[in-house]
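# the following block contains a protein sequence and its predicted model.
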Amino acid sequence: MILFVYKPNVRKMVFYFISKISAEPYTIYMGIDKHENEDLIKYGWPEDVWFHVDKVSSAHVYLRLKKGQVIEDIPSEVISDCAQLVKANSIQGNKMNNIQVVYTPWANLKKTGNMAVGQVGFHKQKEVKTVHVEKRINETVNRLNKTKIEKQPDLMQEKEDRDREERNELKQQMNEQRLKERGEIRKRKEEQELRSYKSLFADADMKSNQDGNNSDDFM
């Protein structure tokens, strides 16, 4: 008997798709099976949104947002693309009509030690959204499949690179903020010194007009 041993450090196959249905393209990706899903859960990005058919087994599909975007910014047609893709990659869901697809930010996924491989829960149920899928739309699935690329990415390294870049950007923003604050402090100090300088001369002028040298009396 051959036993399969799950090795988390071995690169897994990941499928990438491009949704071009909206004004700007979006990257969608998913693992080939539940073992790939483990790495996708572990090394997801804060910009990722997770999709899954509700209450039945399906692929884990991720939509990568642009930096600064939130789940409410996703165009409805892109949500539909993700929902169609996750339905098409569900053995049960692909045969059913009128299904529900749930989606939520990656950060809301909860993984505990007692969960089965590929299984996840949620930290906050209120952050889970639902979209109704009436039926499979072959035109949509075929369009997405034409963009499919298979890769074996180093998900851990990509996550580390992304986090390092974010730390560097944050460090630069903090440095720029400190320089701005120092400049504002210096400007206020210069303005205060200028006001004191003007006030000093004003006082001197007032004294010179009151010292008797500018009298209207005649000898």
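Looks like it came in fine. Keep in mind the model is a prediction, meaning the values are calculated, not measured.

# so where's the protein shaky on pLDDT?
For the chain, the stretches with pLDDT under 70 are 1-11, 202-219.

# regarding it, what is its longest helix?
Counting by DSSP state H, the longest helix found in the chain is helix 155-209.

# counting contacts, what elements does that helix pack onto?
helix 34-42 (3 or more Cβ pairs under 8 Å, 6 or more residues apart in numbering; DSSP states H and E). In short, each C-beta sits where N, CA and C put it, glycine included.

# which helices and strands does the helix it packs on pack with?
Using 3+ Cβ pairs under 8 Å, 6+ apart, helix 34-42 sits against strand 26-31, helix 155-209.

# next, the angle helix 155-209 makes with that helix.
If you take axes from the mean of the first three to the mean of the last three Cα atoms, to 10 degrees, helix 34-42 sits at 10 degrees to helix 155-209.

# domain parsing for this protein?
Following automatic domain parsing, one gets these domains for the chain: 14-153, 155-209.

# identify the residue nearest the geometric centre of the chain.
E47 (2.6 Å; Cα atoms, centre = their mean).

# excluding residues flanking it in the chain, which one is nearest that one?
L65 (4.5 Å; Cβ to Cβ, 6 or more residues apart in numbering).

# next one: P153
Nearest residue to P153 in three dimensions, chain neighbours excluded: V14, at 5.8 Å (Cβ to Cβ, 6+ apart).

# likewise K151?
Nearest one to K151, counting by Cβ to Cβ, 6+ apart, is V14 at 5.5 Å.

# hmm, that neighbour is touching I149, no?
No. In this structure V14 lies outside contact range of I149 using Cβ atoms under 8 Å: 9.2 Å.

# the two: which is more packed in?
V14 (19 against 10; other Cβ atoms under 10 Å).

# phi first, then psi, for that one.
phi -130, psi 140 (degrees, to the nearest 10).

# what of G118?
Note on G118: its backbone torsions stand at phi 90, psi -10 [degrees, to the nearest 10].

# distance of the nearest residue to it once chain neighbours are set aside from A59?
With sequence-adjacent residues excluded and distances taken as Cβ to Cβ, 6+ apart, G118 is closest to K34, at 3.0 Å. Distance, K34 to A59, using Cβ to Cβ, to the nearest Å: 9 Å.

# higher neighbour count, these two?
A59 (26 against 15).

# so what's the residue count around the nearest residue to that one once chain neighbours are set aside?
The spatial neighbour of A59 that comes closest, neighbours along the chain excluded (Cβ to Cβ, 6+ apart), is N89 at 3.7 Å. By other Cβ under 10 Å, 18 other residues sit near N89.

# I figured N89 hits V56, correct?
No. Counting by Cβ under 8 Å, V56 is not a contact partner of N89; they are 11.7 Å apart.
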